[in-house]
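**Q** pasting a predicted model and its sequence here:
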Amino acid sequence: LFLPSFQDLFGVSMVVPLMNLHIKSLGASHTVAGIIGSLYGIMQLFSSTFVGCWSDIVGRRYSLLSCILLSALGYFLLGTSTTVFLFAISRVPVGIFKHTLSISKALLSDLVSERDRPLVMGRFNAASSVGFILGPVVGGYLTELEDGFYQTSFMCASIFLLNAGLVWMLPWSEENTGNREHQQGNKGTDSFSAKANHDLHLKSATNGAMASDSLFRSPWIQVATVLKRIKGIACSDLWDIFLVRLLMSVAILLYYSNFSLALEERFGVKPLFAGYLMSYSSALGVLAGCLLGPITRLYQHNTYRILLHSSTLTCTLILLYASALSIWVVILSSTFLAFSTTVGRTCIIDLELTIGGNEASGTLLGVGQSVTSVGRIVAPLLSGIAQEFSPCGPPSLGVGLALVAILIMNANKQKYCSHGNIKLKNQ
């Protein structure tokens, strides 16, 4: 699963930076380009919860293959888009079904024990991030060729088809394992995957029957089941977890929202330097994902404490950046912020799955993605308002939101520490 995750973001990051240039070359105005981009975000916002819940019902393999193939179709259509209308049409299947990484995370959650989950998720995120770092470089090179955008889009579609083949060849026949209890213990990282595969082979007949029953249900029954599970999430006691995720997401997005412009206005550095600094931070984020194992052992696998401390560090570093008087202070804050945000993102996902229970990991991850999408919609608006007052306005507002998230975590400390007692109300 690490290889498909790397290839997924590698292919996407080749295309995404070039899309604005391409749609403008087709004659679209800035307003039309913005509307199409917003529609994609809105489709992601509403579809992530439904697709995640659907993966709980029909099984990870079928849902993951469907999402990969439909995403490949979207990028293939993008490679044939010679008009603005075709460009907009090509974004529809991607906007609805590009949730491959979320379903992969849900599958990993099914396969590994609770104890090993933060480490595995950290490595999964690190593999994805490497693809995101390398993709724009390759895409920038290909776009210099004749019809470079179309070639890049077709290459991205081919990568998704390759991923579909890799998923098809995975060593389990059907893995509707969201309903089984996770095995816990002090097993090392090298042993958990072998154990998980062994368990899957032992249960393949039973799980295969369950997935087949779910797969061949009437679509209306599947929709009704999805809505019932989403209602269970809405009526559960997870509101504070998702609120913390929203607040921290918006805080980090505000930090990056005017990063290049603020550095130029405050310190007189060129946008190229800001680009190098962001690439440097991304590379450190990959390293942070690989270090989650030692960090979780240091904290004795207490996800709540790791999340609280990483969020506090993130808040402090954003404040340091907002009040920086030297570019070296900005570099220092960016260095440690790459670690704290990577650790925090992994821990909030782990806490969602731990407190929400193992029965609906796809649904939980889908709702989490929707919450993050809300942040992506809200953050630019808040950033624009804050920049009316000062270049330091967006990160200063981010500090305030991060503080609120930290207070919520402290107020609900008892619930986080006694995780596992809260179950979804959809059973």
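**A** Perfect, I can see it now. Numbering: from 1, shown residues only.
**Q** and the pLDDT at the closest residue to Val367 other than its chain neighbours?
**A** In space, and not counting its chain neighbours, Val367 is closest to Thr49: 5.1 Å by C-beta to C-beta, 6 or more residues apart in numbering. In short, each C-beta sits where N, CA and C put it, glycine included. Per-residue pLDDT puts Thr49 at 79.
**Q** name the SS class of Thr49, please.
**A** Following DSSP: H, G, I helix; E, B strand; the rest coil, we place Thr49 in the helix state.
**Q** compute the number of surrounding residues for it.
**A** For Thr49, the neighbour count with other C-beta atoms under 10 Å is 27.
**Q** compute the distance between it and Phe10, please.
**A** Thr49 is 26 Å from Phe10, where distance means C-beta to C-beta, to the nearest Å.
**Q** which parts of the stretch 1-150 of the chain are helices?
**A** Under the criterion DSSP state H, counting those that start in this stretch, helices of the stretch 1-150 of the chain are mapped to 2-25, 30-58, 60-79, 84-97, 100-111, 117-142, 148-168.
**Q** ranking these by burial, who's on top?
**A** helix 100-111 (a mean of 24; mean count of other C-beta atoms under 10 Å).
**Q** these two touch, right, Gly344 and Leu317?
**A** No: taking contacts as C-beta atoms under 8 Å, Gly344 lies outside contact range of Leu317: 11.3 Å.
**Q** what about the two, which has more around it?
**A** Taking other C-beta under 10 Å, Gly344 and Leu317 do not tie; Gly344 has more neighbours (27 against 24).
**Q** so what's that one closest to, chain neighbours aside?
**A** The shortest distance from Gly344 to any non-neighbouring residue, by C-beta to C-beta, 6+ apart, is to Ser310 (4.2 Å).
**Q** that neighbour contacts Cys347, doesn't it?
**A** Yes: counting by C-beta under 8 Å, Cys347 is a contact partner of Ser310 at 6.5 Å.
**Q** how close does Glu146 get to Ala251?
**A** Taking C-beta to C-beta, one finds Glu146 at 43 Å from Ala251.
**Q** the two: who's more crowded?
**A** Using other C-beta under 10 Å, the more surrounded residue of Glu146 and Ala251 is Ala251, with 27 against 6.
**Q** which ones are touching the more buried one?
**A** Neighbouring residues of Ala251 by C-beta atoms under 8 Å, 6 or more residues apart in numbering: Thr314, Cys315, Ile318, Gly398, Val399, Leu401, Ala402, Ala405.
**Q** which residues touch the first one?
**A** The contact partners of Thr314, taken as C-beta under 8 Å, 6+ apart, are Met248, Ala251, Ile252, Leu337, Ser340, Thr341, Gly344, Ala402.
**Q** just curious, which of the residues you listed is nearest to Cys53?
**A** Closest approach between these and Cys53, by C-beta to C-beta: Met248, at 23.8 Å.
**Q** number of residues surrounding the closest one?
**A** Counted by other C-beta under 10 Å, the residues lying close to Met248 total 28.
**Q** start at 380, not 1
**A** Yep, numbering from 380; the last one is Met627 now.
**Q** could you find the closest non-adjacent residue to it?
**A** Closest to Met627 by C-beta to C-beta, 6+ apart is Ala784, at 5.2 Å.
**Q** that neighbour sits in which helix or strand?
**A** helix 772-790 (DSSP states H and E).
**Q** buried sites along that helix?
**A** By neighbour count on 16 or more other C-beta atoms under 10 Å, the buried set for helix 772-790 is 772-778, 780-782, 784-785, 788.
**Q** neighbouring contacts of stretch 707-727?
**A** The contact list for stretch 707-727 (C-beta under 8 Å, 6+ apart) reads 497, 500-501, 504, 620, 623-624, 627, 631, 634, 642, 646, 656, 659-661, 663-664, 666-668, 670-671, 674, 682, 685-686, 689-690, 692-693, 696-697, 699-700, 703, 747.
**Q** out of those, which are buried?
**A** With neighbours counted by 16+ other C-beta under 10 Å, the contacts of stretch 707-727 contain buried members at 497, 500-501, 504, 620, 623-624, 627, 631, 634, 642, 656, 660, 663-664, 667-668, 671, 674, 682, 685-686, 689-690, 692-693, 696-697, 699-700, 703, 747.
**Q** inside helices: which ones of those residues?
**A** The helices, defined by DSSP state H, take in 497, 500-501, 504, 620, 623-624, 627, 631, 634, 642, 656, 660, 663-664, 667-668, 671, 674, 682, 685-686, 689-690, 692-693, 696-697, 699-700, 747 from the buried ones among the contacts of stretch 707-727.
**Q** about what we covered before: OK, contacts around the residue nearest to Met627?
**A** By C-beta under 8 Å, 6+ apart, the contact list for Ala784 reads Leu622, Val623, Leu626, Met627, Ala630, Ser690.
**Q** could you measure from it over to Val623?
**A** Counting by C-beta to C-beta, the gap from Ala784 to Val623 is 5 Å.
**Q** just Leu698 next, same as before
**A** Taking C-beta to C-beta, one finds Leu698 at 18 Å from Val623.
**Q** got it, and Ser775?
**A** Separation of Ser775 from Val623 (C-beta to C-beta) stands at 20 Å.
**Q** what's the spacing between the residue lying closest to Ser636 once chain neighbours are set aside and Gly777?
**A** Nearest non-adjacent residue to Ser636, counting by C-beta to C-beta, 6+ apart: Ser762, 3.8 Å away. Distance from Ser762 to Gly777, counting by C-beta to C-beta: 9 Å.
**Q** spit out the residues that contact these two alike.
**A** In contact with both Ser762 and Gly777: Leu632, Leu633, using C-beta under 8 Å, 6+ apart.
**Q** low-confidence stretches in the stretch 580-729 of the chain?
**A** Across the stretch 580-729 of the chain, the ranges flagged by pLDDT under 70 are 580-615, 650-651, 654.
**Q** gap between stretch 762-780 and the chain center?
**A** Chain-centre distance of stretch 762-780: 24 Å, with C-alpha atoms, centre = their mean, to the nearest Å.
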